[in-house]
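Chemist: when you get a sec, could you give me coordinates for this:
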Amino acid sequence: MAGKGRYDWTTVVFLGPPAVLLLIFLVYPTLYTIALSFNRGRRGEFTEWVGFDNFASLFKDKSFLNLSTFRRPGRSGTTCCGACSTRRSSSSSASWSRSWRRGPV
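Modeler: Numbering: from 1, shown residues only. Predicted coordinates for the structure are as follows:
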């Protein structure tokens, strides 16, 4: 039992490593991405501060807000969200659906 003025080190032992991992893999990338969004540059370089100009140009672009250009996954035989033009052949998808309905052999 920890008395007044004493520190219980089991707290640090058990909560320290998860806190460090959260900082490394969640907090730092989030803050870095937010900082990058206000800069102009490539490959993670801070070349020029542009502020909200990136967001202004994004919302002025008519194709960004046109949601009819996106497709649901699996619709029309396409993969991804309609961004890929790869189509599955009808024979392979038909044989897959027949085997799926039949169950394991």
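Chemist: looking at this structure, which helix or strand is least sure?
Modeler: Sorting the helices and strands of the chain by mean pLDDT, DSSP states H and E puts helix 90-102 at the bottom, at a mean of 52.
Chemist: now do the strands in the chain.
Modeler: For the chain, the strands defined by DSSP state E occupy 39-40, 48-49.
Chemist: what is the neighbour count of T30?
Modeler: 10 (other C-beta atoms under 10 Å). All C-beta atoms are positioned from the backbone trio N, CA, C, and that covers glycine.
Chemist: hmm, back to that, now the strands of the chain as JSON lines including distance to D8 and mean neighbour count?
Modeler: Output for the strands of the chain, formatted as JSON lines (distance: least, C-beta to C-beta, whole Å; neighbours: other C-beta atoms under 10 Å):
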{"stretch": "strand 39-40", "distance to D8": "43", "mean neighbour count": "14"}
{"stretch": "strand 48-49", "distance to D8": "45", "mean neighbour count": "10"}
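Chemist: export those as JSON lines, with columns for distance to S63 and mean pLDDT.
Modeler: Below are those laid out as JSON lines (distance: least, C-beta to C-beta, whole Å; pLDDT from 0 to 100):
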{"stretch": "strand 39-40", "distance to S63": "21", "mean pLDDT": "88"}
{"stretch": "strand 48-49", "distance to S63": "25", "mean pLDDT": "90"}
